[in-house]
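S.K.: Mind folding the following:
(2 chains)
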Amino acid sequence: MAMTITEKILALHAGLEEVSPGDMIEAKVDLAFAHDVTSPIAIKVFNEIGTGKVFDREKIALVADHFVPNKDIQSAQQAKLMREFAGEQKIKHYFEVGEAGIGHVILPEKGLVLPGQLIVGADSHTCTYGALGAFSTGVGSTDLGAVMATGEIWLKVPPTIRIEYEGNLQAGVVGKDLILHTIGLMGVEGALYCALEFTGEVIRRLPMNQRFTMANMAIEAGGKSGIIEPDETTLAYVAERSSLEPLILKGDPDAKYEKVMEIMVDEIEPQVAFPPSPANVRPISEVGDVQLDQVFIGSCTNGWLEDLRDAAGILKGRRIARGLRLIVIPSSPWIYRKAIEEGIIETFLDAGAVIGPPCCGPCLGGHMGILAEGERALSTTNRNFVGRMGHPKSEVYLSNPLVAAASAVLGRIGGVDEL
Amino acid sequence: MKFQGKVWKFGNDIDTDLIIPARYLNISDGSELAKSCFIDVRPDFAKDVSSGDILIAGRNFGCGSSREHAPLAIKEAGISVIIAKSFARIFYRNAFNIGLPLLESEEATKGLSEGEEIAVDLATGKIKSIGGGKTFSAHPIPDFMRELIKMGGLVEYTKRQKGH
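M.R.: Predicted coordinates for the structure are as follows:
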């Protein structure tokens, strides 16, 4: 039977010849991920199940990334609980502050994610790894606790929505704009329970970091996963980081899709998502006058080295607007170091930015840039829900890193061409 | 399983940040989390909700983060069952995994109002208002999820399945 790449990965991990959308399967997990916020409940569940030992100490990744370096006593307790568990269970891929960055960035960076794998993580943005051709989905802490005990998870095989991007991107339009535009078209529940598959000539030309950005935000359309079939770009990225053989699967030409959408990209401008929904998008030319108090460049969506490079390219020789705060957080220590070596950090500092240590930072209103009542931020992150970055009466707008950098100079949301 | 309680009504796309904002995610204890459930959108919810009450919402309830703190806070606040037009998928898994049943019913979502007393039969998916005489039906809960709820959640299910 013809299958999509998602169905092939799921069938393989369930030990079945074939699967169809709607099938309930028990699948073997290649990598299970949790962080300092979701692991405490997962560890409690693991202890309640009572196997004593994790299923495989080399297939679990625990990363301190949300509230670290710890912002208060309670978050310090949570990080301590994860640290002690990792020690007791001899978890191989435990990453402590200093070595850790944002989990979704450091796991691919360290070669722990390969095409064809099945990965679950107690974080909704676990769908990021789909950019490498893995099936990868977010789950809750109880699911993750059970996976740590058994190495298996129950899954309902999702139908796939295939989105083909064709044409040529305008200058300054990047993966973030494609995914925001797509979420705007589909709505926040347009892909509910579905796998999103991104394809077409535009995707084939897209660099890895922008593919990660797109897969990362599949959840914002309600998707169970986002996936891009592996190609030369994928394999070059993986070969630099892992000595393991990747499993290169592709969908069959006659595979069945829930829906196929074609998006012509030529007319797409940089996109801005207005609060309080990532689907509430407008092209930059229709934004109007939106004054800003803060700009944040970072997160698992857009804190990659290339993102920082893009933003620094705009900020070179410029100063941010008076009274505005620009917060930049490289997503991993490796990115941070490279950004120093390339002079990117110096450019940010010269422009008036503050640099935070690799972590999730203000993206989810954790720390390092909480908004006060009535304040407005433009952020390269993935969600702009009510109160997401602070006070319930603050506002978050989403954009790509180029628009974020230009807007920091302008003091209001605006495009690169307005500088 | 049958439940009876007062309706708390919410709209569409209620995200996990509205259910329990990130500033409370330094807490893992359910009863502590329950005190701040819906704090930014309905500050009186935690104080006024009674054990057994029923939450009714529109489409895509629980979208956003994977934080299990969200269904946990709702369950520990006393909500017995959530009825919505649709649920975000991670929330859906999480709720059943911790033994909080969910029903999908567009007609109940449209036909019931805040404060009404209703009865819900999980086995048949029948929802009826006490006194009002209105009845609605929900999509039947898939067998696997019904099994999870019967056992009290994924922990017990895993223990039995795996013989742990």
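S.K.: buried stuff in stretch A:9-27?
M.R.: Buried residues in stretch A:9-27, counted by 16 or more other Cβ atoms under 10 Å in any protein chain shown: A:9-14, A:19, A:21, A:25, A:27. C-beta coordinates here come from the backbone N, C-alpha and C atoms, glycine included.
S.K.: can you check stretch A:101-113 too?
M.R.: Neighbour counts over stretch A:101-113 (16+ other Cβ under 10 Å) mark A:101-110, A:112-113 as buried.
S.K.: how about the most centrally placed residue in chain A, secondary structure?
M.R.: Nearest to the mean C-alpha position of chain A, counting by Cα atoms, centre = their mean, stands A:Asn216 at 3.5 Å. With DSSP: H, G, I helix; E, B strand; the rest coil as the basis, A:Asn216 sits in helix.
S.K.: Local confidence estimate at it?
M.R.: Predicted confidence (pLDDT) for A:Asn216: 98.
S.K.: Same question for A:Leu308.
M.R.: 98.
S.K.: Tell me which residues touch the nearest residue to A:Glu418 once chain neighbours are set aside, please.
M.R.: Leaving aside its sequence neighbours, A:Glu418 sits nearest to A:Leu410 (Cβ to Cβ, 6 or more residues apart in numbering or on different chains; 6.2 Å). Contacts for A:Leu410 (Cβ atoms under 8 Å, 6 or more residues apart in numbering or on different chains) come out as A:321, A:418-419.
S.K.: in which helix or strand would I find A:Leu12?
M.R.: Assigned by DSSP states H and E, A:Leu12 belongs to helix A:5-14.
S.K.: does that helix come close to chain B?
M.R.: No - on the criterion Cβ under 8 Å from any Cβ of the partner chain, helix A:5-14 is out of touch with chain B, staying 14.2 Å away.
S.K.: just to revisit the earlier point, can I get the contacts of A:Leu410 in a markdown table with secondary structure?
M.R.: Formatted as a markdown table, those follow (three-state DSSP):
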| residue | secondary structure |
| --- | --- |
| A:Ala321 | coil |
| A:Glu418 | helix |
| A:Leu419 | coil |
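S.K.: Most neighbours among those, please name it.
M.R.: Among the contacts of A:Leu410, the one with the most neighbours (other Cβ atoms under 10 Å in any protein chain shown) is A:Ala321, at 17 neighbours.
S.K.: Give me the phi and psi angles of it.
M.R.: Main-chain dihedrals, A:Ala321, degrees, to the nearest 10: phi -60, psi 140.
S.K.: Contact partners for the residue nearest to it when sequence neighbours are not counted?
M.R.: Excluding the flanking residues, the one nearest A:Ala321 by Cβ to Cβ, 6+ apart is A:Gly411, at 3.0 Å. Contacts for A:Gly411 (Cβ under 8 Å, 6+ apart) come out as A:291-292, A:320-324.
S.K.: related to what we said a few turns ago, for the helix holding A:Leu12, what is the average pLDDT?
M.R.: Confidence over helix A:5-14 (mean pLDDT, whole number) is 98.
S.K.: could you point out which element follows that helix?
M.R.: Per DSSP H and E, the first helix or strand lying C-terminal to helix A:5-14 is strand A:24-28.
S.K.: now the helix holding A:Leu12 and strand A:24-28, what's the angle there?
M.R.: Comparing the axes of helix A:5-14 and strand A:24-28 via axes from the mean of the first three to the mean of the last three Cα atoms, to 10 degrees yields an angle of 70 degrees.
S.K.: So what touches helix A:5-14?
M.R.: Applying Cβ under 8 Å, 6+ apart, the external contacts of helix A:5-14 come out as A:3, A:17-21, A:25-30, A:116-118, A:133-135, A:155, A:157-158, A:160, A:195, A:197, A:225, A:227, A:229, A:249-251, A:255.
S.K.: can you pull up the bridge partners for residue 121?
M.R.: Answering for chain A, as no chain was given. Going by DSSP bridges, A:Gly121 is paired in beta bridges with A:Phe33, A:Gly138.
S.K.: Actually, chain B is the one I wanted.
M.R.: Applying DSSP bridges to B:Asp121 gives these bridge partners: B:Lys2, B:Lys126.
S.K.: Do I have it right that it meets B:Val81?
M.R.: No - applying Cβ atoms under 8 Å, one finds B:Asp121 not in contact with B:Val81, separated by 10.3 Å.
S.K.: More neighbours: which of the two?
M.R.: Comparing B:Asp121 with B:Val81 by neighbour count (other Cβ under 10 Å), the higher total belongs to B:Val81, at 25 against 14.
S.K.: what is that one paired to in the beta sheet?
M.R.: Bridge pairing for B:Val81 (DSSP bridges) gives the partners B:Ile54.
S.K.: and it, what does it touch?
M.R.: By Cβ under 8 Å, 6+ apart, B:Val81 lies in contact with B:3, B:54-55, B:100-103, B:120, B:122.
S.K.: how does it look with 10 Å?
M.R.: Shown in contact with B:Val81 (Cβ atoms under 10 Å, 6 or more residues apart in numbering or on different chains): B:1-3, B:5, B:52-56, B:75, B:95, B:100-103, B:118, B:120, B:122, B:127, B:138, B:149.
S.K.: pretty sure A:Val272 belongs to a helix, no?
M.R.: No - with three-state DSSP as the criterion, A:Val272 is strand rather than part of a helix.
S.K.: On the secondary structure side, give me the element for the residue lying closest to A:Pro207 once chain neighbours are set aside.
M.R.: Closest residue to A:Pro207 apart from its sequence neighbours, by Cβ to Cβ, 6+ apart: A:Glu306 at 6.4 Å. Per DSSP H and E, A:Glu306 falls inside helix A:305-315.
S.K.: Could I get the pLDDT score of B:Gly163?
M.R.: pLDDT at B:Gly163 comes out at 67.
S.K.: meant to ask about B:Pro140, not that
M.R.: 87.
S.K.: gap between it and B:Ala123?
M.R.: Distance, B:Pro140 to B:Ala123, using Cβ to Cβ, to the nearest Å: 9 Å.
S.K.: Overlap in contacts, the two.
M.R.: B:Arg146.
S.K.: Return the list of helices and strands in contact with the very next helix or strand once past the helix holding A:Glu306.
M.R.: Per DSSP H and E, the first helix or strand lying C-terminal to helix A:305-315 is strand A:325-328. In terms of contacts (3 or more Cβ pairs under 10 Å, 6 or more residues apart in numbering or on different chains; DSSP states H and E), strand A:325-328 is packed against strand A:294-297, helix A:305-315, helix A:344-351, strand A:354-355, strand A:376-379, helix A:401-410.
S.K.: Switch these over to TSV; also include distance to A:Pro270.
M.R.: Rendered in TSV, the data for these read as follows (distance: least, Cβ to Cβ, whole Å):
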stretch	distance to A:Pro270
strand A:294-297	15
helix A:305-315	12
helix A:344-351	20
strand A:354-355	24
strand A:376-379	12
helix A:401-410	5
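S.K.: model confidence over stretch A:272-282, on average?
M.R.: 98.
S.K.: nope, stretch B:97-113 is what I meant
M.R.: Averaging pLDDT along stretch B:97-113 gives 96.
S.K.: Would you indicate which residues of it are buried?
M.R.: Judged by neighbour count (16+ other Cβ under 10 Å), stretch B:97-113 contains these buried residues: B:97-106, B:108-109, B:111-112.
S.K.: ends of that stretch, how far apart?
M.R.: Stretch B:97-113 has an end-to-end distance of 28 Å (criterion: Cα to Cα, to the nearest Å).
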